[in-house]
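Student: prediction below, plus the sequence it came from.
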Amino acid sequence: MSGCSSKSLVLVSLLGLLMLLLCGRSKAQSNQDCCLSYTRVRLPRWALKGYTEQLSSEVCDINAIIFHTYSGLKACVNPKEGWVKKHLLFLSHKLKKMSA
């Protein structure tokens, strides 16, 4: 594969990820910004900056992990998914190293 083709493939992949994240983001519920559903997109680790945990026992209706990306987008994902648990472990190690 040529260098131009690889750059095009990366660009198309990033644009696809952006579109899926935007489509998968839930709408706000009253004054609280809550996840109402999960995105089906498996996010790459390199795109993740951090996360927030949403609990159904608080204001919102469902348990969710809200992944924050370096591009400023947020994605609601199911905390029971195996890939989500692995990404959370990766992020917790990453964030510990940054705070040390």
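Tutor: That came in fine, so what should we check first?
Student: just the strands in the protein please.
Tutor: For the chain, applying DSSP state E gives strands covering 48-54, 64-69, 74-77.
Student: residue 91 reaches residue 51, doesn't it?
Tutor: Yes. The pair formed by residue 91 and residue 51 meets the contact definition of C-beta atoms under 8 Å, at 5.9 Å. Every residue, glycine included, has its C-beta placed from N, CA and C.
Student: to residue 85, which of the strands of the chain lies closest?
Tutor: Checking the strands of the chain against residue 85 by C-beta to C-beta gives strand 64-69 as the closest, at 9.2 Å.
Student: strand partners of that closest one, parallel vs antiparallel please.
Tutor: Looking at strand 64-69 with DSSP bridges, its partner strands are strand 48-54 (antiparallel), strand 74-77 (antiparallel).
Student: figure out which of these is closest to residue 37.
Tutor: Shortest distance between residue 37 and the strands paired with strand 64-69, using C-beta to C-beta, is found for strand 74-77: 6.8 Å.
Student: so how many other residues sit close to the residue nearest to residue 55 when sequence neighbours are not counted?
Tutor: Leaving aside its chain neighbours, residue 55 sits nearest to residue 63 (5.9 Å; criterion: C-beta to C-beta, 6 or more residues apart in numbering). Summarising burial for residue 63: neighbours were counted as other C-beta atoms under 10 Å, giving 15.
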